[in-house]
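Enquirer: Show me how the following folds:
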Amino acid sequence: MPRHAAQTLLILAASLPCLAWSPRVHALQTKTARGLVPRAMAAFLSQHSAELAEGASAGNMVVPSAEDVENQFFKVLTASEKGRPPRDIARELGRLAYMAQLMTDPSATGGLTPTRRTFSAYADEHFKKLVAVKEPLFAVSGSLSPRAPLQVWAQVKYGRYRLLTGHVNLDTGEKIGAWDTLSVPFAQMQLGFSSGVNATANLWILAYRAVGDLWLQKE
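Expert: Below is the predicted model of the structure:
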């Protein structure tokens, strides 16, 4: 990624409200996901890095449901089919990425709770240790509908949240027990981070398979 594009991505991401993952964690998830998509799509995203980041910073956002993310996915498709400019498509893809990452964050189940604040700060403390485990990219073939995987991601996320709640005071956000690299919170942080990356990449690939030729025709 060109240096100026990376700087733009981080600067714009810094304007995001700290709903759960911090802006720089979201930016890292998005950057990592870009390395998993087809080369032509990665080039498209690189050419519109500023718009991609802008879409991810579009105002305060409550935790999206699987249905909300699905609606945003189809918004990308509709905008593409209507011939919207590539920069507009990139903004919608940025918003889709942010929503997918927020939906898979194991601490994000409602408002800005003490648990979410604690978990976000914890991820920032271990930022250099965040690693995305590459999962099979199911989106490269088969159905173009995101509904089934979205439902699975939502179920998995709430299972992880239930595990996490045993290690934090839900009223104060105070940590309970050890939160070291062998702890349940550390494992949930890594799993949630990785899920956000892979969810972003898979949703982008589905969109690219469906309407990506319309983006590239305008480049």
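
Enquirer: all contacts plus neighbour counts: C-alpha atoms, from now on.
Expert: Noted.

Enquirer: Give me the three-state assignment for Ala178.
Expert: At Ala178 the chain is in coil, as set by DSSP: H, G, I helix; E, B strand; the rest coil.

Enquirer: Distance check, it against Ala139.
Expert: Separation of Ala178 from Ala139 (C-alpha to C-alpha, to the nearest Å): 38 Å.

Enquirer: With neighbour numbers in mind, choose between those two.
Expert: Between Ala178 and Ala139, counted using other C-alpha atoms under 10 Å, the more crowded position is Ala139 (22 against 12).

Enquirer: so how far is Leu164 from the more buried one?
Expert: Distance from Ala139 to Leu164, by C-alpha to C-alpha: 29 Å.

Enquirer: do the same with Pro114
Expert: Taking C-alpha to C-alpha, one finds Pro114 at 13 Å from Leu164.

Enquirer: Give me the more crowded residue out of the two.
Expert: Leu164 (20 against 17).

Enquirer: The more buried one and Phe186 touch, don't they?
Expert: No. Here Leu164 does not reach Phe186: they are 9.5 Å apart, not a contact under C-alpha atoms under 8 Å.

Enquirer: Ile176: neighbour count?
Expert: For Ile176, the count of nearby residues is 11 (other C-alpha under 10 Å).

Enquirer: Model confidence for it, exactly?
Expert: pLDDT recorded at Ile176 is 97.

Enquirer: Pretty sure it sits against Leu170.
Expert: No. Taking C-alpha under 8 Å as the definition, Ile176 is not a contact partner of Leu170, at 10.2 Å.

Enquirer: Identify the residue nearest the geometric centre of this protein.
Expert: By C-alpha atoms, centre = their mean, the mean C-alpha position of the chain lies nearest to Gln101, the distance being 2.5 Å.

Enquirer: name the element that one belongs to?
Expert: Using DSSP states H and E, Gln101 sits within helix 86-103.

Enquirer: which other residues reach the helix or strand following that helix?
Expert: Going down the chain from helix 86-103, the next helix or strand is helix 114-125, by DSSP H and E. Under the contact criterion C-alpha atoms under 8 Å, 6 or more residues apart in numbering, helix 114-125 has outside partners 18-22, 25, 107-108, 130, 168-175, 189.

Enquirer: So for helix 114-125, what gets flagged as buried?
Expert: 114-124 (16 or more other C-alpha atoms under 10 Å).

Enquirer: Stretch 57-72 now?
Expert: 57-58, 63-66, 69-70, 72.

Enquirer: can you check stretch 122-141 too?
Expert: For stretch 122-141, burial by neighbour count (16+ other C-alpha under 10 Å) applies to 122-124, 130-132, 139.
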